[in-house]
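Colleague: Mind folding the following:
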Amino acid sequence: MAIRFVEIHAAANPAELNTEWVVLENDGKLPFVTRGCGMTVGRRGQSKRKELGIIDPGFILAPGTRVRMLTGSPGVADQGTPPEDGADGVTNYYLLLPKPYLQGAGTVLTLTLRGQIVAKGEHDPAGAAGLAAK
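Modeller: From the prediction side, this is the model:
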């Protein structure tokens, strides 16, 4: 599968959950259904990862498209103003999490499906689009 992290954006204020997000892109030739995918967070060099949850009902990521997965909930004013849905060609999907999950530089995010790694990205605030260089 050709799913990849193209951006990891940390919130400046931990209370503003809708300003923390990751952007996934489908570089493949087939649509990818995220229903049942899990997202984990850990630290570089550590095998222990924390499960953030299962994406349900999920969404279909068509070939060549991107989705922005925001930490917070839609329409909750005290969680910050999210980027406009679709304005930059990226659709918003809300994870409905209660707190931020990025832990600064070295945070490793993994998208899994039935225990298999689909995509992995490492956060580096100084890197292009918030990603560590490979």
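Colleague: Do a quick rundown of the strands in this structure.
Modeller: For the chain, the strands defined by DSSP state E cover 3-9, 21-26, 32-33, 37-43, 49-54, 60-61, 66-70, 90-94, 107-113, 116-122.
Colleague: of these, which approaches residue 129 most closely?
Modeller: The minimum distance between residue 129 and these falls on strand 3-9, with 4.1 Å, by C-beta to C-beta. C-beta coordinates here come from the backbone N, C-alpha and C atoms, glycine included.
Colleague: avg pLDDT for that closest one?
Modeller: Over the span of strand 3-9, the pLDDT mean works out to 97.
Colleague: Show me what it is packed against.
Modeller: Counting contacts by 3 or more C-beta pairs under 8 Å, 6 or more residues apart in numbering; DSSP states H and E, strand 3-9 packs against strand 21-26, strand 107-113, strand 116-122.
Colleague: what's the spacing between that strand and its chain's center?
Modeller: Relative to its chain's centre, strand 3-9 lies at 7 Å (C-alpha atoms, centre = their mean, to the nearest Å).
Colleague: From the rest of the structure, what touches stretch 45-53?
Modeller: Residues outside stretch 45-53 that contact it (C-beta atoms under 8 Å, 6 or more residues apart in numbering) are 38-42, 95, 97, 101, 106, 108, 110.
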